[in-house]
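**Student:** Here is my input; please provide its structure:
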Amino acid sequence: MTAIVILNPYSGRWTGLHRKDAVVGALQSAGIEFILTETDGPGHGMVVAESASRSGYSPVIVAGGDGAIGEVVNGLHKASPEGVLGPLGILPLGTANDLVHNLGLPLGLEPAARAIEHQDPPPSSGGLAGPSLLIVARSATVLETTCL
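**Tutor:** The predicted structure follows:
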């Protein structure tokens, strides 16, 4: 199945834009079939993720930081408000990457892309993100999200 990559060029104080080629290279090296789209402003990641989920792209991969991850998860929730929202892959491009750190996910693009492709065993069982969304790690960087 074809993945969609939602890249936030503003992540990491504009480093997301400058790391686009590295994102593409990491995904290609991992053998992931994907299309890539860039967000064009606040809220756009949510719109793209909702549309991608409804269109059958899998996994939905966010290349960005904590804000971009939040937008994409909310878009997945809008597409499937009553159940499982994933799978969700994360390529960390943010300044702090708090969620990635807290879940023990790979910080490098190459290891993260390999983990998405191979769905490596999770280093932890997941965590809570927000008041009503449970994120359960399905692999080192592919998450399955479920509404509570």
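**Student:** On the three-state scheme, V5 is what?
**Tutor:** The three-state assignment at V5 reads strand, by DSSP: H, G, I helix; E, B strand; the rest coil.
**Student:** What number of residues are in the vicinity of it?
**Tutor:** When counting by other Cβ atoms under 10 Å, one arrives at 26 neighbours for V5. To be clear about C-beta, it is placed using only N, CA and C from the backbone, and glycine gets the same treatment.
**Student:** wait, what's in contact with it?
**Tutor:** Going by Cβ atoms under 8 Å, 6 or more residues apart in numbering, V5 touches V23, L27, F34, I35, L36, T37, I61, V62, A63, L91.
**Student:** For stretch 107-115, what is the distance to the chain centroid?
**Tutor:** Centroid displacement of stretch 107-115 relative to its chain, using Cα atoms, centre = their mean, to the nearest Å, is 12 Å.
**Student:** make that stretch 99-119, sorry
**Tutor:** 10 Å.
**Student:** Export it to CSV, keeping only CA atoms.
**Tutor:** Taking C-alpha atoms only, stretch 99-119 is exported to CSV below (Å, rounded to 0.1, in the frame of the first residue of the first chain):
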residue,chain,number,x,y,z
LEU,A,99,6.6,12.8,21.8
VAL,A,100,9.4,10.9,20.0
HIS,A,101,11.7,11.2,23.0
ASN,A,102,8.9,10.2,25.4
LEU,A,103,8.0,7.1,23.4
GLY,A,104,11.6,6.1,22.8
LEU,A,105,11.3,6.3,19.0
PRO,A,106,14.3,6.8,16.7
LEU,A,107,15.4,10.4,16.3
GLY,A,108,17.4,9.9,13.1
LEU,A,109,15.6,9.9,9.7
GLU,A,110,17.2,6.7,8.4
PRO,A,111,16.5,4.6,11.6
ALA,A,112,12.9,6.0,11.7
ALA,A,113,12.2,5.2,8.1
ARG,A,114,13.6,1.6,8.5
ALA,A,115,11.5,1.2,11.6
ILE,A,116,8.4,2.3,9.7
GLU,A,117,9.1,-0.1,6.9
HIS,A,118,10.0,-3.1,9.2
GLN,A,119,7.5,-2.2,11.9
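**Student:** Thanks again, I'm all set now.
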